[in-house]
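Engineer: Fold the stuff below for me.
(one chain, ligands or ions: 1)
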Amino acid sequence: MTRGPIIAIDGPAGAGKSTVARHLAEHFGLLNLETGAMYRAFALKAILSDQDFDDAEALERLATGTAVTLKPARAGNRVLLDGADVTERIRDSDVTQGASRVSVHPAIRRWMVGLQQELGRAGGVVMEGRDIGTVVFPDADVKVFLDASPEVRGQRRYEQNAPAGADPTAISRELRERDERDRNRANSPLQPAPDAVSIDSTAMPLQAVLARIEDLVRARCPGLKATGTARE
Ligand code: DC
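Structural biologist: Numbering: from 1, shown residues only. So this is what the prediction gives:
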């Protein structure tokens, strides 16, 4: 059976992956899969179980009794933890930091990668994360590594989803800490696949980033037709 196209969007927090992935999914009629939400759901489980983020063995045991389900959609995934919808809760800052910490452990990554490969097996997906083009789908049809300067990413994060009264300096500090951990972990660190197209969006307007990636998808997946969704 031939599978549908797989588009991998990797990069650090605040680089614009979600916006790009959501747009591509709508534009080309694909499913959008936010893999970070799965690590976030498991981090929430660790928090609710009072589990140390650094205790690899205890986390592995915890994982065996945990169900993380990603319900893909063209826009906005829902995430279930042991059957309960945790989509909103996993965006809180304790979970954000926890996700970056639980995701350093090889056993947790193996589990998540297996689930993600299963979700994308039939293709027809845009999958965003940190290791999609390197580990989850090394044979993806399109691989984009999206980056931007830490200052610009911190500012975008603050404007997009900071709660009222949030401290921009704290958001920026958390983002740098997370970057540092995600890029330097021993197991599948955040890095571009050798055949990824790297795009630095620091000085690029969103429309230009979207147009560039749409062109790339059209060139690599000639059978894929736009569904007619215009760029906003
Ligand atoms: O994309 P996000 O901010 O929701 O991801 C949360 C954390 O999950 C991120 O800091 C590192 C981890 N992650 C990962 O290790 N691999 C992925 N494919 C996606 C996320």
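Engineer: these two touch, right, Thr227 and His27?
Structural biologist: Yes - counting by CB atoms under 8 Å, His27 is a contact partner of Thr227 at 6.5 Å. The C-beta positions use only the backbone N, C-alpha and C, and glycine is treated the same way.
Engineer: Tell me which of the two has more neighbours.
Structural biologist: Of the pair Thr227 and His27, His27 is the one with more neighbours under other CB atoms under 10 Å, namely 21 against 12.
Engineer: now for the helix or strand of the chain with the lowest mean pLDDT, which elements pack on it?
Structural biologist: Using mean pLDDT, DSSP states H and E, the weakest-scoring helix or strand in the chain turns out to be helix 150-161, at a mean of 85. The contact analysis (3 or more CB pairs under 8 Å, 6 or more residues apart in numbering; DSSP states H and E) places helix 150-161 against helix 168-184.
Engineer: is any part of the helix it packs on close to the ligand?
Structural biologist: Yes - with CB under 6 Å from any ligand atom as the measure, helix 168-184 is seen reaching the ligand through 178, 182.
Engineer: For that helix, buried residues please.
Structural biologist: Buried residues in helix 168-184, defined by neighbour count with 16 or more other CB atoms under 10 Å: 171-172, 174-175, 178-179, 181-182.
Engineer: want to throw the residues you listed into CSV with pLDDT?
Structural biologist: Output for the buried residues of helix 168-184, formatted as CSV (pLDDT from 0 to 100):
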residue, pLDDT
Ile171, 84
Ser172, 85
Glu174, 87
Leu175, 89
Arg178, 90
Asp179, 89
Arg181, 92
Asp182, 91
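Engineer: For Leu81, state which of the residues you listed is nearest.
Structural biologist: Closest approach between the buried residues of helix 168-184 and Leu81, by CB to CB: Arg178, at 20.6 Å.
Engineer: Once you drop chain neighbours, what's closest to the closest one?
Structural biologist: Ser100 (4.4 Å; CB to CB, 6 or more residues apart in numbering).
Engineer: Name all residues that make contact with that neighbour.
Structural biologist: Going by CB atoms under 8 Å, 6 or more residues apart in numbering, Ser100 touches 39, 177-178, 181-182.
Engineer: Helix or strand next in line after the helix or strand containing it, which one?
Structural biologist: Ser100 belongs to helix 93-102 when assigned by DSSP states H and E. Past helix 93-102, further along toward the C-terminus, the next helix or strand under DSSP H and E is helix 106-120.
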